[in-house]
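J.: Here you go, sequence then predicted model.
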Amino acid sequence: MKQLVTITTTALTISCASAGAFAQPTAAVFPGNEAVRVVSGKRVVEAPPLTKGAQRFLKAGNKFPPPSPNGGVFMVEGTDGLMECSSGALSETGCIAPTIGKVKRSRYWTVKLNGAWLHCPSRVPMKNCEPAEVGMPGGIGAVE
């Protein structure tokens with residue numbers, strides 16, 4: 001009887017761990033980010049628009065570089081979860097997996113609030129978010 005309880009407990013622990021490991025993120029990391037929705041149990045994310053300068057940069061055949069190791073980053077939510085990007089746009093070359101909680105650096109959050117794309121200096125929605133279409137924000141994001 002004792003062996004059956006141990007086997008059952010082990011199996012339950014493994015199945016819970018497996019479910020957690022393969023679970024897709026669903027809710028937005030930034031509170032109120034309208035770009036992240038859950039539709040029929042799947043995470044649907046609207047990508048932030050490119051600024052005119054970024055469009056010209058890409059049209060010229062350039063690619064966004066990855067974030068520098070000590071520089072600030074833009075936190076952007078994508079279909080696979082949160083990304084750290086060198087610009088406020090999602091791109092294969094300009095974004096990396098998040099280092100939040102591991103590396104302290106200045107972070108701006110690129111989010112959609114009240115129908116507008118903004119760069120916010122903190123994860124907490126505040127009045128000093130700046131319109132994303134302007135380009136680079138004039139300040140530094142929260143060091144997290």
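T.: Yep, that arrived.
J.: can you give me the strands in the chain?
T.: Listed in chain order, the strands found in the chain under DSSP state E are 36-39, 42-45, 73-78, 81-85, 95-96, 106-113, 116-120, 130-131, 142-143.
J.: I'd like those strands laid out as a markdown table, including mean neighbour count.
T.: Just so you know, the C-beta spots here come from the backbone N, C-alpha and C atoms, and that holds for glycine as well. Rendered in a markdown table, the data for the strands of the chain read as follows (neighbours: other C-beta atoms under 10 Å):
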| stretch | mean neighbour count |
| --- | --- |
| strand 36-39 | 14 |
| strand 42-45 | 14 |
| strand 73-78 | 23 |
| strand 81-85 | 19 |
| strand 95-96 | 18 |
| strand 106-113 | 22 |
| strand 116-120 | 21 |
| strand 130-131 | 14 |
| strand 142-143 | 12 |
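J.: Among the ones you listed, which comes closest to Lys63?
T.: Lys63 lies closest to strand 95-96 among the strands of the chain, at 11.4 Å (C-beta to C-beta).
J.: and that closest one, what does it pack onto?
T.: If contacts are counted by 3 or more C-beta pairs under 8 Å, 6 or more residues apart in numbering; DSSP states H and E, strand 95-96 sits against strand 81-85.
J.: hang on, the earlier thing: with mean pLDDT and distance to Phe57 as added columns, please give the strands of the chain in TSV.
T.: Formatted as TSV, the entries for the strands of the chain read as follows, by pLDDT from 0 to 100; distance: least, C-beta to C-beta, whole Å:
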stretch	mean pLDDT	distance to Phe57
strand 36-39	90	26
strand 42-45	88	23
strand 73-78	91	15
strand 81-85	91	14
strand 95-96	92	15
strand 106-113	92	17
strand 116-120	91	18
strand 130-131	88	19
strand 142-143	74	27
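J.: TSV please, covering the ones you listed and showing distance to Asn62.
T.: Putting the strands of the chain into TSV (distance: least, C-beta to C-beta, whole Å) gives the following:
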stretch	distance to Asn62
strand 36-39	28
strand 42-45	24
strand 73-78	17
strand 81-85	15
strand 95-96	15
strand 106-113	20
strand 116-120	21
strand 130-131	24
strand 142-143	29
